[in-house]
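Novice: Pasting the sequence and the predicted model now:
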Amino acid sequence: MNILLLDIETTPITAYTWGLWQQNINLNQIIESSQMLCYAAKWHGKKTMYFDSIFNSSKNEMLKGLHKLLDSADVIVHYNGSSFDIPVINKEFIQSNLLPPSPYKQVDLLKTVRSQFR
């Protein structure tokens, strides 16, 4: 079974705003949307780390490398990935005309922690 440990980082949303506290940002105030900045991944039980970013490669090359990893995974382990990382990755794949990777199971460690601890 191929178990991939995964984390991504993203850029912030850039927007025009009139204040710092209790702001509701409208879509027409957004200057630039968030995008995936980088990823780090490792196969469980292996020593090799995989890392790429928009500073090391083109965005398309970075996404193709990540897509190849996800396509080979049976299980992906992440922290808050079900709510954040995977939806961001899927958005980036669609925007780059990449087909969805092969199906995989997810283990979200945040959900695991919350179900076991207060």
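Specialist: Done, it's in. Small disclaimer: the values here were computed from a predicted structure and weren't measured.

Novice: any idea what the residue of the chain most remote from its centre is structurally, helix, strand or coil?
Specialist: Relative to the mean C-alpha coordinate of the chain, counting by C-alpha atoms, centre = their mean, the farthest residue is W18 (30.1 Å). When the structure is reduced to helix, strand and coil (DSSP: H, G, I helix; E, B strand; the rest coil), W18 reads as coil.

Novice: How confident is the prediction for it, by pLDDT?
Specialist: W18 carries a pLDDT score of 89 in this model.

Novice: same deal with Y79?
Specialist: Y79 is assigned a pLDDT of 97 by the prediction.

Novice: ok, back up a step: next, find the distance separating the residue farthest from the centre of the chain from L27.
Specialist: W18 sits 16 Å away from L27, taking C-beta to C-beta, to the nearest Å as the criterion. Any C-beta I mention is one placed from the backbone N, CA and C, and that applies to glycine too.

Novice: With T10 instead?
Specialist: Between T10 and L27 the computed distance is 18 Å (C-beta to C-beta).

Novice: D71 too?
Specialist: With distances defined as C-beta to C-beta, the gap from D71 to L27 amounts to 33 Å.

Novice: now do L4
Specialist: The separation that L4 has from L27, given C-beta to C-beta, amounts to 34 Å.

Novice: Could I get the average pLDDT for stretch 61-69?
Specialist: 98.

Novice: Buried residues of it, list them for me.
Specialist: Judged by neighbour count using 16 or more other C-beta atoms under 10 Å, the buried positions of stretch 61-69 are M62, L63, G65, L66, H67, L69.

Novice: so is the closest residue to D7 other than its chain neighbours in a helix, a strand, or just coil?
Specialist: Take D7 and drop its neighbours on the chain: the residue closest to it by C-beta to C-beta, 6 or more residues apart in numbering is A40, 5.3 Å away. Each residue gets one of three states, and A40 gets strand by three-state DSSP.

Novice: Verify the contact between A40 and Y50 for me.
Specialist: Yes. Under the criterion of C-beta atoms under 8 Å, A40 makes contact with Y50 at 7.0 Å.
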